[in-house]
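Engineer: I'd like to go over a predicted model; first the sequence, then the structure.
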Amino acid sequence: LAAPEIEELVALAEQEEAQARERGDWLYVQEILFRLRTLHEETERKAEHEAFDRRLDEVNRRIGLLARYAPRSLHELRRMQVDRNDPEAEFPDFNEAFAEDWKVPLEGITEQMLQRSLSHAAGLHISACGWKPLLDGGLEALEIFASTEQLVENFPGLADRDLTAAWLDVIAEERAKLAELPDDDVRRRDYRRIMMAIERANEPTIGVRPEILIREFGEGATYRLEDQYEDQYTEIIWPEQLRRFQQQVQGDFVGVGILIRHDDKRELMVQNPLEGSPASRAGVEEKDRIVAVDGIPTTGWSLTRAVDEITGPRGEEVVLTIARDGLEDTVDVPIVRDRIKIRSVNGWYKRALDDEGTPEWDWFVDEPAGIGYVRLTSFNDESYVDFLRAVEEMRATRDLEGLILDL
């Protein structure tokens, strides 16, 4: 790192990053900062590494905002990125059906949800952090939101620089007031004061929907728990996320047994058919694209709508129309919905699957020595019972002298 050519390279990268930031080319900024952070990783220059890490983190949050609220702008940044790497490569046009997707996650959000969530985090979080970092994290998130210019795509109030600056002044003032308070003195009353100040400032300045400010404040508050207290698991489950979250926690629901996501063209893609599930048995494969459900085209569908349409009563059939690379025509795949169990407790070696897709595990990593093995992939309602059952199966084979619990 002290070599002149490396110092020159770092300086050039810093200059390039500043220019990319000025023009809002956030994917290029992300790439440069990632490389600079990696260059300084596990070296004596820890301060530089941490600085690059913080800057990269802030850029990642901006890109997350674009993904949520400015899909056209993010699509254009992706096109620019592809052009940089391969000018001859083809890149799909933006799918206009997804232009309004940003409104879906806001449905049903209220300020009371945010207040209850932050009250729980302030009073019950293992770090005993209290209100102060949560409130500062929320204000910081609103600051990042208003200073990400591409969000003007759906929020025209951000186009007026003077009004946006006035909004940012209010945020900066509230952060300064908060910083002056002793940590233990910050209470719910300070939350209420801050939210009232935000509400008063919003309409005459940037004028965005209150649900956006509520959600972004909450995201920033819980992000501070991750950033400051190394907790990547605490988050607010908003109404739009609730059904999928409940399925994950319950570990037991009725459906066809696939994980889905959007690909680069915003088409519904099968990320993974769960082993032994109805979809897996019907021949659905990873990277299959679902172009219709029961004959209805999926163009423009959010993931929430896709989940709602594909899941349904047990024993009833749903027909997925699949497009697959290598096949000229689409294929209709009829699947009978069934009970899907998300298995969180796994063993060392899978010997077989029974007729219902339940694995038969070899639980011993070293059977002669009596050393068992359990891999826990998540926590759900059945994890504890399944874990005890695994231990019972081991002890039915031989004495258990030790256990590796793989998290």
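Structural biologist: Yes, it's here. Computed from a predicted structure; not experimentally measured. Numbers count the residues shown, from 1 in each chain.
Engineer: Which neighbouring elements make contact with the helix or strand containing V318?
Structural biologist: Per DSSP states H and E: V318 is located in strand 317-323. If you count contacts as 3 or more CB pairs under 8 Å, 6 or more residues apart in numbering; DSSP states H and E, strand 317-323 packs onto strand 289-293, helix 303-310, strand 331-336. For every residue, glycine as well, the C-beta is placed using N, CA and C.
Engineer: so where's the stretch 201-350 of the chain shaky on pLDDT?
Structural biologist: 251-252, 264-266, 300 (pLDDT under 70).
Engineer: so where do the helices sit in it?
Structural biologist: 210-229, 239-250, 278-282, 303-310 (DSSP state H, counting those that start in this stretch).
Engineer: can you tell me which of the ones you listed comes nearest to D83?
Structural biologist: Closest approach to D83 among the helices of the stretch 201-350 of the chain (CB to CB): helix 303-310, 28.4 Å.
Engineer: Tell me how far E230 lies from I126.
Structural biologist: 11 Å (CB to CB, to the nearest Å).
Engineer: still on that earlier bit, list the buried residues of the strand holding V318.
Structural biologist: 318, 320-323 (16 or more other CB atoms under 10 Å).
Engineer: Give me the pLDDT value at A97.
Structural biologist: At A97, the model reports a pLDDT of 67.
Engineer: that older thread, quickly name whichever of the buried residues of strand 317-323 is closest to D386.
Structural biologist: Of all the buried residues of strand 317-323, V318 has the smallest distance to D386: 28.1 Å, by CB to CB.
Engineer: pretty sure that closest one contacts G312?
Structural biologist: Yes. If you go by CB atoms under 8 Å, V318 and G312 touch, sitting 6.4 Å apart.
Engineer: Common neighbours of those two, please.
Structural biologist: Common contact partners of V318 and G312 (CB atoms under 8 Å, 6 or more residues apart in numbering): R337.
Engineer: mind listing what the closest residue in space to A141 that isn't next to it in sequence touches?
Structural biologist: Excluding the flanking residues, the one nearest A141 by CB to CB, 6 or more residues apart in numbering is G220, at 2.4 Å. By CB under 8 Å, 6+ apart, G220 lies in contact with 137-142, 144.
Engineer: if we go to 10 Å?
Structural biologist: Residues counted as contacts of G220 (CB atoms under 10 Å, 6 or more residues apart in numbering) are 61, 134-145, 227.
Engineer: list the helices and strands the helix or strand containing R189 packs on?
Structural biologist: Using DSSP H and E, R189 sits in helix 188-202. Applying 3 or more CB pairs under 10 Å, 6 or more residues apart in numbering; DSSP states H and E, one finds that helix 188-202 contacts helix 111-124, helix 132-146, helix 161-180, helix 210-229.
Engineer: Can you give me the buried ones in the third one?
Structural biologist: Buried residues in helix 161-180, counted by 16+ other CB under 10 Å: 163-164, 167-168, 170-171, 174-175, 178.
Engineer: and the angle from it to helix 132-146?
Structural biologist: Helix 161-180 runs at 170 degrees relative to helix 132-146, counting by axes from the mean of the first three to the mean of the last three CA atoms, to 10 degrees.
Engineer: Could you do the first one as well?
Structural biologist: Here helix 111-124 runs at 140 degrees with respect to helix 132-146, directions being taken by the same axes, to 10 degrees.
Engineer: which of the residues in helix 111-124 are buried?
Structural biologist: For helix 111-124, the neighbour count (16+ other CB under 10 Å) marks 111, 113-115, 117-118, 121-122 as buried.
Engineer: so what's P105 scoring on pLDDT?
Structural biologist: P105 is assigned 86 on the pLDDT scale.
Engineer: Could you report the neighbour count for the closest residue to it other than its chain neighbours?
Structural biologist: Once flanking residues are discounted, P105 sits nearest to E240: 4.6 Å by CB to CB, 6+ apart. Look at E240: counted by other CB atoms under 10 Å, it has 17 neighbours.
Engineer: With T358 instead?
Structural biologist: When neighbours are counted by other CB under 10 Å, T358 registers 13.
Engineer: Dead centre of this protein: give me the residue that sits there.
Structural biologist: Computing the C-alpha centroid of the chain and ranking residues by CA atoms, centre = their mean puts G64 first, at 8.8 Å.
Engineer: so what's it up against?
Structural biologist: Shown in contact with G64 (CB under 10 Å, 6+ apart): 74, 144, 148, 219, 223.
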